[in-house]
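Student: the sequence and its predicted three-dimensional model are supplied below.
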Amino acid sequence: MKIAFISTYPPQECGIANFTRDLVKAVSESNRDIEIFIFAPSDTCIELDTEYSRSFIIYPGRENYIETADTINSLGIECVSLQHEYGLFSGKDGEDIIPMLERLKVPVITTLHTILTEPTESQKNIIQRIGDLSEYLVVMTPSGARLLEDIYRIDRKKIRFIHHGVPDLLPTISREEMRRMLEIPEDTFVLSTFGLLSEGKGIEYVLWALPKILKESRVRYLVIGRTHPKIIKNEGERYREKLLRIVAESGLERYVTFVNRYLTQEEIINYLEMTDIYITPYLNPQQITSGTLSYAIGLGKVVVSTPYIYARDMLSNGRGFLCRFKDPDSIAEIILHLLKNPDELEKVKKNILGLKEEMSWNSVALKYIRLFQEVTDNELYMHKGLPRVISYTS
């Protein structure tokens, strides 16, 4: 079976590139009969990491997207997995992806990484047209399915739910050794946030919460990750410099550590292993996915988060804690409560155990393979025992 993935891809630095890399790796390792092709949108010529695939670049412009569709049609590819985010593709709101999909002669499964609650007319039309041209639309949260049906009028028969995957890897450095490397005493609680930095991350509200927390407890806050390349290109390091000013003005230098580089998956897991409470203080209420929150939950971490859509879904039923948007006092109150009540930390860890296996990349890949097989209707590749994919037809 030949599958084409249309998405950004490493060495491009973005969450969707990492998502697709991990999905491709898991699909390849789950079924060696699948041959994978990567088609990555890029403004420049880059060499993609191609351990598991053949790769092509999609340059900006409607004609280039149509030409890519012709290439896919000529290669004997049986199914396309499209990773959709408005900023990935050229044209207004990424509209150049539409003539490409219209030109394709093979079934398409689209994974939606953003589903806006208040889309512009253009954004709404693009998702509706992608829905028309796709066999299935995959969402990573139940709320995403409801938004597609209520706002975009997508037929619920087309909607499928598959979790964001998380790596099934063990840390390569022990918690104790990581603490020694960062000079963090054993009696100090570790808070962390990781990912590419940008204004929407809300890191400043955690920094403003720290003085109140430090009055009653010993903590170290790790801000892990470099600034997003697109932010650096357009604004430089303005946001990071703002955060550094807050740290200096508040006298927090001993309590905040910035890890200013792009981390490997193994390094992220090592940092999460030593984390006591993971924080996503994001500012966009409409955010429908978060790879970093998925990682934290999948690795059994207690999470404190603002109530964006994905966090509300993932942290419900006692799986985490929600603080108010842009509210340092709310962040401080929840963290202090948890630090004074360690039994609550243990309770949450037990509540998220059931999700860990379901969110493993192996489990996620098998569900995507099942969808690939359904839309290609090729009995040669049908395997018994593949996990059921949740639909919304009942």
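Tutor: Cool, the structure landed.

Student: need the strands for the stretch 1-150 of the chain, in chain order.
Tutor: 2-6, 35-41, 54-58, 79-84, 108-112, 136-139 (DSSP state E, counting those that start in this stretch).

Student: format the ones you listed as CSV; extra columns: distance to P342 and mean neighbour count.
Tutor: The C-beta positions use only the backbone N, C-alpha and C, and glycine is treated the same way. Shown next, in CSV, are these (distance: least, Cβ to Cβ, whole Å; neighbours: other Cβ atoms under 10 Å):
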stretch, distance to P342, mean neighbour count
strand 2-6, 43, 24
strand 35-41, 45, 21
strand 54-58, 48, 17
strand 79-84, 39, 23
strand 108-112, 38, 23
strand 136-139, 35, 24
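
Student: export these as TSV, with columns for mean pLDDT and distance to L182.
Tutor: What follows is the strands of the stretch 1-150 of the chain, written out as TSV (pLDDT from 0 to 100; distance: least, Cβ to Cβ, whole Å):
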stretch	mean pLDDT	distance to L182
strand 2-6	97	37
strand 35-41	96	35
strand 54-58	93	37
strand 79-84	98	34
strand 108-112	98	36
strand 136-139	98	37
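
Student: format those as a markdown table; extra columns: distance to D343.
Tutor: Shown next, in a markdown table, are these (distance: least, Cβ to Cβ, whole Å):
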| stretch | distance to D343 |
| --- | --- |
| strand 2-6 | 44 |
| strand 35-41 | 46 |
| strand 54-58 | 50 |
| strand 79-84 | 40 |
| strand 108-112 | 38 |
| strand 136-139 | 35 |
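
Student: residue ranges with poor pLDDT in this protein?
Tutor: 378-394 (pLDDT under 70).

Student: let me see the domain layout of it.
Tutor: 2-165+360-391, 175-356 (automatic domain parsing).

Student: one step back: closest one to I66 among the strands of the stretch 1-150 of the chain?
Tutor: When these are compared by Cβ to Cβ, strand 54-58 sits nearest I66, at 10.5 Å.

Student: which strands or helices does that closest one pack on?
Tutor: On a contact count with 3 or more Cβ pairs under 8 Å, 6 or more residues apart in numbering; DSSP states H and E, strand 54-58 meets strand 35-41, helix 62-74.

Student: in TSV, list those along with distance to I246.
Tutor: Output for the helices and strands packed on strand 54-58, formatted as TSV (distance: least, Cβ to Cβ, whole Å):
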stretch	distance to I246
strand 35-41	35
helix 62-74	43
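
Student: out of the ones you listed, which gets nearest to P285?
Tutor: Of the helices and strands packed on strand 54-58, nearest to P285 by Cβ to Cβ is strand 35-41, at 27.5 Å.
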